[in-house]
Each structure stands twice: as C-alpha cells, then as structure tokens.
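# Got a predicted structure plus its sequence, pasted below:
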Amino acid sequence: MPPIRHAVSSQIVVDPVVPENTIKDFLVAAALHQLEKVRFYIEEMRLHPDTTYGGKPTALCYAVLKPHHKLMDFVLSKGADTNHRDSMGMTPLHYAALGGCERCVSCLVGRGAALNIENRCGKTPLALTLERPNLTANRELLTRYGASLDPSSPVRPCFH
C-alpha cells in the first residue's frame with residue numbers, strides 16, 4: 001500500500017501507518033457531518049483535520065459546503081487550514097461561497113482565508129457566486145470584505 005499523505009499547513013507529511021480506509025472513513029464522516037466520528041479520528045486516531053487523499057476536499061470543505069457550524073468550528077479549533085487547496089484548486093472559502101452560508105464565509109475570512117485564490121478553472125470564490133443567482137448574499141458579503149474578480153488586485157478587507 002502506498003504511504004498516505006497528510007496535509008499539514010503547506011507541508012506534506014508521509015505517514016505509512018494510517019491505512020487509506022481510515023482516511024476514507026474520516027472524510028465520509030466529515031461529508032455526512034458526523035461530528036463525533038470526526039472528533040474520534042482527530043482526537044483519538046490523531047489525524048490532522050486537513051488529512052485527505054487523492055486531492056479530495058478536507059473536512060473543513062465538507063463542513064462549509066453543506067453548512068454544519070459545529071463541525072466547522074471543531075476542525076478550525078484543531079488547526080484546519082483555511083487556505084488548503086484540493087486537486088481542483090478549491091479552498092474552503094470556495095466551498096463556503098457555494099454553500100451559501102454567510103456565517104461560514106465570515107468565519108473563514110475572519111480566520112485569514114485568502115479572498116482571491118483562483119481554482120483550476122480560474123474562478124475565485126466571488127466568481128463562483130456570480131454563476132448562481134441564489135448566492136447573492138455571499139456575493140455581497142465577499143465584495144464587502146474586499147474580494148475581487150481579478151485575483152491580482154490588492155485586497156482591502158472591510159469587516160464592518
């Protein structure tokens with residue numbers, strides 16, 4: 001079995017002890033918002049909250065896409081990276097913008113999520129909100145925080 005790669009901040013840590021099935025189970029628990037199972041994997045099995053495999057989204061991404069505030073708060077308290085990118089170049093803020101939850105967007109931005117990171121299709125979180133009419137509130141919120149459609153523009157965050 002190939003070693004599993006754990007994302008820790010911007011570093012990759014190789015841990016040959018953690019079976020791939022354990023990581024899959026962890027990510028499924030996160031996707032299903034099973035907070036107690038996620039807590040078990042992080043606290044008892046000692047998985048980093050950004051642990052993933054094959055470029056899949058992290059637990060934080062799953063927590064903000066279909067908003068589950070307790071799960072989001074938990075993985076953030078355990079050190080989840082607000083700017084971790086999956087294989088599509090999506091960050092938790094991309095997922096939060098698509099999830100439509102203003103609280104999730106505000107929380108991530110308040111914890112340092114970069115506003116103008118492009119995914120592999122060249123879309124920032126703000127650009128994703130323009131594609132869906134039901135995301136007007138997140139679009140306005142991201143704009144108020146200083147997000148731009150031009151990822152090279154300087155960000156002037158406004159937390160009013």
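Done, it's in.

# so where do the strands sit in the protein?
Taking DSSP state E as the test, the strands found in the chain are 4-8, 11-15.

# what pLDDT does the residue nearest the centre of the chain get?
With distances taken as CA atoms, centre = their mean, the residue of the chain nearest its centroid is Pro92 (2.2 Å). Confidence at Pro92, expressed as pLDDT, is 98.

# My understanding was that it contacts Arg111; is that so?
No: with contact defined as CB atoms under 8 Å, Pro92 does not reach Arg111; the gap is 9.5 Å. From N, CA and C alone the C-beta is placed, and that goes for glycine too.

# what do the two both touch?
Among the neighbours of Pro92, those also in contact with Arg111 (CB atoms under 8 Å, 6 or more residues apart in numbering) are Thr82.

# longest single helix anywhere in the protein?
Ranked by residue count and defined by DSSP state H, the top helix of the chain is helix 20-31.

# which helices and strands does it pack with?
Using 3 or more CB pairs under 8 Å, 6 or more residues apart in numbering; DSSP states H and E as the contact criterion, the elements in contact with helix 20-31 are helix 35-39, helix 59-65.

# Name the stretch among those that sits most buried.
helix 59-65 (a mean of 28; mean count of other CB atoms under 10 Å).

# Now do that one: distance to the chain's middle.
The gap between the average C-alpha position of helix 59-65 and the chain average comes to 5 Å, counting by CA atoms, centre = their mean, to the nearest Å.

# How about stretch 79-92?
On the basis of CA atoms, centre = their mean, stretch 79-92 sits 5 Å off its chain's mean C-alpha point.

# how about the CA coordinates for it, as CSV?
These are the backbone C-alpha positions of stretch 79-92, laid out as CSV (Å, rounded to 0.1, in the frame of the first residue of the first chain):
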residue,chain,number,x,y,z
GLY,A,79,-5.9,23.6,13.2
ALA,A,80,-7.6,23.2,9.9
ASP,A,81,-6.1,25.4,7.2
THR,A,82,-8.5,28.0,5.7
ASN,A,83,-6.4,28.1,2.5
HIS,A,84,-5.8,24.4,1.9
ARG,A,85,-6.4,23.6,-1.8
ASP,A,86,-7.8,20.3,-3.2
SER,A,87,-7.0,18.9,-6.6
MET,A,88,-9.4,21.3,-8.2
GLY,A,89,-7.7,24.2,-6.6
MET,A,90,-10.7,24.8,-4.4
THR,A,91,-10.2,26.3,-0.9
PRO,A,92,-12.7,26.1,2.0
